[in-house]
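Peer 1: I'll drop the sequence and a predicted model, then ask my questions.
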Amino acid sequence: AQVSHLNQGAEAWYKDGSFSPAHSIDVAYIELGEKALAHRCKWLVDECRRHGLGRVLELGSNDGNNLFPLAKCIPDIEFHGVEVSPGAVAHAKELSAAVGVKINIECSSLKDYAANHPGEFDATAIFEVLEHNSPSEGADLLDAAEKCTRPGGRIFITTPCGAWSLHDEVTWDIKRRKDHINVYTIERMSKLLSSREAKDLQIAQVENPQYEESNSWVFCSYGV
């Protein structure tokens, strides 16, 4: 079942017109407003309010799938995003103009963005990005997140860890073709972040109702 899912991919979610927050959002998705807030976004908002974090950066914002509902529905927190894909950023800006929802998104390499915005944010979110990177690339991603976050701020990470994401050699090549090339269980994530001397590390496995197969996800945050 795992191999079958990986081979088929998620084309049913990704086709044009889909309202999935995972990929290729459209005007109808943005107009859903608060209903479009994914489980991870609600968690981020609750945690930021609990810790008094008012300026948040998202690394790997795609075409604004998280930024649009956050900007539309959460006026008490300022959200910014950076994305490496020029096409995704162009699509986000077209959608912004079409629906009249302003989002703050820039196209840049994460390394360059971090160098130009050191310590400017109270928190940085890495949502469904870490699994698309090799271990060394993931380390660079965390470096960028930590550099952008002020001392005393927090990093928020979500990554899938359900049955189809199990880490084994049998499905490694298939996962590479589907862009999920690294998988983090609670144990692996804890080991990774503990090696970086993460402060106040909080980590849990949760069921995310956003996806049809009720996949499990690792949600974690830590202080900088």
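Peer 2: Looks like it came in fine. Numbering: from 1, shown residues only.
Peer 1: show me where this structure has strands.
Peer 2: 55-59, 78-83, 104-107, 121-127, 149-160, 199-207, 216-223 (DSSP state E).
Peer 1: So for Asn182, which of these sits nearest?
Peer 2: strand 149-160 (8.6 Å; CB to CB). From N, CA and C alone the C-beta is placed, and that goes for glycine too.
Peer 1: Direction included, what does the closest one pair up with?
Peer 2: Sheet pairing of strand 149-160 (DSSP bridges) gives strand 121-127 (parallel), strand 216-223 (antiparallel).
Peer 1: how much does the first one deviate in direction from strand 55-59?
Peer 2: Relative orientation of strand 121-127 with respect to strand 55-59: 30 degrees, computed using axes from the mean of the first three to the mean of the last three CA atoms, to 10 degrees.
Peer 1: Report the mean per-residue pLDDT for strand 121-127.
Peer 2: The average pLDDT for strand 121-127 rounds to 97.
Peer 1: Hey, what's the angle from that strand to strand 78-83? Just curious.
Peer 2: Using the same axes, to 10 degrees: strand 121-127 against strand 78-83 is 50 degrees.
Peer 1: Tell me which residues are up against strand 121-127.
Peer 2: 40, 44, 48, 51-60, 66, 80, 141-142, 145-146, 148-150, 153-158 (CB atoms under 8 Å, 6 or more residues apart in numbering).
Peer 1: Local confidence estimate at Ala36?
Peer 2: Taking Ala36 on its own, its pLDDT is 82.
Peer 1: Hmm, Leu70 and it touching each other?
Peer 2: No: the criterion here is CB atoms under 8 Å, and Ala36 misses it with Leu70 at 9.5 Å.
Peer 1: Neighbour count for those two, which is higher?
Peer 2: Between Ala36 and Leu70, Leu70 has the larger neighbour count (other CB atoms under 10 Å), namely 26 against 21.
Peer 1: Enumerate every residue touching that one.
Peer 2: 37, 41, 44-45, 77, 79.
Peer 1: Report the beta-bridge partners for the closest residue to Cys161 other than its chain neighbours.
Peer 2: Distances taken as CB to CB, 6 or more residues apart in numbering put Val218 closest to Cys161, at 4.9 Å, once the chain neighbours are dropped. As for beta bridges, Val218 partners with Thr159, Gln205 under DSSP bridges.
Peer 1: separation between the residue nearest the centre of the chain and Val218?
Peer 2: For the chain, the residue nearest the mean C-alpha position is Phe127 (1.4 Å; CA atoms, centre = their mean). Per CB to CB, to the nearest Å, Phe127 is found 12 Å from Val218.
Peer 1: which neighbours do these two share?
Peer 2: Taking CB under 8 Å, 6+ apart as the contact rule, Phe127 and Val218 both touch 157-158.
Peer 1: wait, isn't Asn104 in contact with Ile77?
Peer 2: No: if you go by CB under 8 Å, Asn104 and Ile77 don't touch, sitting 11.9 Å apart.
Peer 1: so where is this structure shaky, pLDDT-wise?
Peer 2: Low-confidence segments of the chain (pLDDT under 70): 1-24, 162-180, 208-215.
Peer 1: and among the strands paired with strand 149-160, the most buried is which?
Peer 2: Mean neighbours per residue, mean count of other CB atoms under 10 Å, is largest over the strands paired with strand 149-160 for strand 121-127, with a mean of 25.
Peer 1: chain center to that strand: distance?
Peer 2: Its chain's C-alpha centre and that of strand 121-127 lie 9 Å apart, by CA atoms, centre = their mean, to the nearest Å.
Peer 1: any chance you could map the helices in the chain?
Peer 2: Using DSSP state H, the helices of the chain run over residues 2-8, 11-14, 27-31, 39-51, 67-73, 86-99, 110-116, 135-148, 172-177, 186-195.
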